[in-house]
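K.L.:
Next input, structure requested:
(one chain, ligands or ions: 1)
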Amino acid sequence: MSEYDDGNNDSGGSGGSIIGTIISILILAAIWPYLMAIVGLYIAYLAAIAILEWMAQNPLSVVFILLGIFCIYAIFHYRLIPKTWRWMIALLKPKAVEVHLSQYAVNSELPDLASRKFIPSTNLYCYWCTKKLGIQAWEKNGKYYCDECKARQLTNA
Ligand SMILES: [Zn+2]
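P.N.:
Residues are numbered from 1 along each chain as shown. Coordinates of the predicted model:
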């Protein structure tokens, strides 16, 4: 008798205990997504509060993080990595681009090494080894050298 009375007291005026349980389960199932959304919003709110508090305590860190994010964005947005590579390569060999052979021909008072100007096409012979000069021939003081003799001259000097 006491168990029956307890069940009656719990259900109150809403009907039988089993039906009440089923209805409450159905209601819970119906509002479950909303409950989850509310819990999620609450967690997001707590996280936002925590982040804001941390930002208020560490303003310098916030500035650095923002700068870092901006740098990463700029690197990917303006494609700075390939541009930097091109810039560095251009820095490493600028002379190969800028030097012109005509400079040596016009300016004959350059130092010794620069005065050995390149002869583009010739019918001459090497001053040292009398080899017929081909595409790679060099001139110094009116004498012509092949590429090998010029290299030997440079290494001896
Ligand atoms: Zn030679």
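K.L.:
By mean pLDDT, which helix or strand of this structure comes out lowest?
P.N.:
Of all helical and strand segments in the chain, the minimum by mean pLDDT, DSSP states H and E falls on helix 2-11, at a mean of 46.
K.L.:
Now the element after it, going C-ward?
P.N.:
Using DSSP states H and E, the helix or strand that follows helix 2-11 towards the C-terminus is helix 17-57.
K.L.:
Does that following helix pack against any helices or strands, and if so which?
P.N.:
Packed against helix 17-57 by the contact rule (3 or more C-beta pairs under 8 Å, 6 or more residues apart in numbering; DSSP states H and E) you find helix 2-11. Any C-beta I mention is one placed from the backbone N, CA and C, and that applies to glycine too.
K.L.:
Now do the contacts for Y127.
P.N.:
The contact partners of Y127, taken as C-beta atoms under 8 Å, 6 or more residues apart in numbering, are 143-145, 149.
K.L.:
among those, which are in helices?
P.N.:
Counting by DSSP state H, those place C149 in helices.
K.L.:
Name the nearest residue to the spatially most central residue of the chain, sequence neighbours excluded.
P.N.:
Centroid check for the chain by C-alpha atoms, centre = their mean gives I81 as the closest residue, at 4.9 Å. For I81, ignoring the flanking residues on the chain, the nearest one in space by C-beta to C-beta, 6 or more residues apart in numbering is I75 at 6.4 Å.
K.L.:
Kindly provide the distance from that neighbour to L67.
P.N.:
Look at I75 and L67: by C-beta to C-beta, to the nearest Å, they are 12 Å apart.
K.L.:
so where is the protein shaky, pLDDT-wise?
P.N.:
Within the chain, the segments meeting pLDDT under 70 span 1-15, 93-122, 157.
K.L.:
Nice, that's everything, thank you.
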